[in-house]
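Chemist: Build the 3D model from these lines:
(one chain, ligands or ions: 2)
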Amino acid sequence: MSDAERTFVMVKPDGVQRGLIGEIVSRFEDRGLKLVGAKFTRIPEEQAQEHYRELEDEPFFDGLVEFITSGPVLAMVWEGQDATRQVRNMMGKTDPAESPPGTIRGDLGLDLGRNVIHGSDHEEDGANEREIDLFFDEDELHDYEKVDETWLYE
Ligand code: IDP
Ligand code: MG
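Modeler: Ligands and ions are numbered 1, 2, ... in the order given. Next up, the predicted model:
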């Protein structure tokens, strides 16, 4: 595999409440990505502020932090070739209304403030490592071989 990479992904509280965990995890499994870490957790306020720190000057920042801490989330790390960009492509755009059918946000959401999923931004330098470190200890991430790897990668 070239460009093997780990990326941080999270089913947000709205996705958990709407029973979309299975649907979302399924999409990444079907695509061939490998789950290397997962945690069902309620994010402490300080961690939420840190996670979204580049948005702290936005008018929607407080509401965003309130929303993301309002209930449990499923935090995950997925691994695969070019994983960060592939996951972002599967998610669609930030606004579900702008996201094409076939994407997670385009299929499962309607409103910008309730867009179901977070994924590290491939255009933001080092976002995946920073976010993985914020949510996971090293021993919570698992190196293992999956039986389908020789059939997924040339
Ligand atoms: P992303 O989630 O697609 O990476 P970002 O611009 O990083 O989008 O914004 C982070 C999150 O902040 C979005 O997923 C969304 O939940 C929220 N958000 C972004 N822009 C707005 C807005 O204009 N109004 C309300 N919420 C917003
Ligand atoms: Mg972002």
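
Chemist: Flag every residue of this structure that's near ligand 1.
Modeler: Contact residues (Cβ under 6 Å from any ligand atom) of the chain with ligand 1: 55, 60, 64, 94, 112-113, 115, 118, 121. Glycine gets a C-beta too; all of them are placed from N, C-alpha and C.

Chemist: Please tell me how far the closest residue to F135 other than its chain neighbours sits from L141.
Modeler: With sequence-adjacent residues excluded and distances taken as Cβ to Cβ, 6 or more residues apart in numbering, F135 is closest to A75, at 4.7 Å. In this view, A75 and L141 are 12 Å apart by Cβ to Cβ, to the nearest Å.

Chemist: Give the intersection of the neighbour lists for these two.
Modeler: Shared contacts of A75 and L141 (Cβ atoms under 8 Å, 6 or more residues apart in numbering): G37.

Chemist: Comparing the two, which residue is more hemmed in?
Modeler: Neighbours were counted for A75 and for L141 using other Cβ atoms under 10 Å; A75 has more, 23 against 14.

Chemist: The more buried one reaches F136, doesn't it?
Modeler: Yes - between A75 and F136 a contact is recorded at 7.5 Å, counting by Cβ atoms under 8 Å.
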